[in-house]
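Enquirer: okay, predicted coordinates and the sequence, questions at the end:
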Amino acid sequence: MKTMTCKQLGGACDKTFHANSFDEIAGMSKKHAMEMFQKNDAAHLTAMNEMQDLMKKPEAMKEWFEKKRKEFEALPEEN
Ligand SMILES: [Zn+2]
């Protein structure tokens, strides 16, 4: 089990997510981002806009994703 924060995953707050795989944690942060989007949270809206800009450039998006995956993999295992 590893932990990453919303901010570390391109979000805007210090909420933590716990998962065994990067894909799982990415899904959790995405779900959280959607919830915050629905609440019209300004900080998350800004963060999501930046992510959407990144998504327009598939290469940059892929690079960002791989960077985050490596960050996740470098984290210590928690029990
Ligand atoms: Zn957040």
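Expert: Yep, it's here. Keep in mind that this is a model prediction, so the values were computed, not measured.

Enquirer: CA atoms for contacts and neighbours, from now on please.
Expert: OK.

Enquirer: whichever strand or helix holds Gln52: which residues count as buried?
Expert: Here Gln52 sits within helix 42-55, counting by DSSP states H and E. Going by neighbour count (16 or more other C-alpha atoms under 10 Å), the buried part of helix 42-55 is His44, Leu45, Ala47, Met48, Leu54.

Enquirer: for Thr46, see how far away the last one is.
Expert: In this structure, Leu54 lies at 13 Å from Thr46, with C-alpha to C-alpha, to the nearest Å as the measure.

Enquirer: hmm, stretch 42-56 touching the ion?
Expert: No. Stretch 42-56 stays out of contact with the ion when judged by C-alpha under 5 Å from the ion, the minimum separation being 6.4 Å.

Enquirer: before we move on, the earlier item: can I get the helix holding Gln52 as CSV, trimmed to CA atoms?
Expert: The C-alpha trace of helix 42-55 is given here as CSV (Å, rounded to 0.1, in the frame of the first residue of the first chain):
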residue,chain,number,x,y,z
ALA,A,42,-11.9,26.9,-7.4
ALA,A,43,-8.5,25.4,-6.7
HIS,A,44,-9.5,22.1,-8.2
LEU,A,45,-11.0,23.8,-11.2
THR,A,46,-7.7,25.6,-11.9
ALA,A,47,-5.8,22.3,-11.5
MET,A,48,-8.2,20.5,-13.8
ASN,A,49,-7.8,23.2,-16.4
GLU,A,50,-4.1,22.8,-16.4
MET,A,51,-4.5,19.0,-16.7
GLN,A,52,-6.8,19.6,-19.7
ASP,A,53,-4.2,21.7,-21.4
LEU,A,54,-1.7,19.0,-20.8
MET,A,55,-4.1,16.4,-22.3
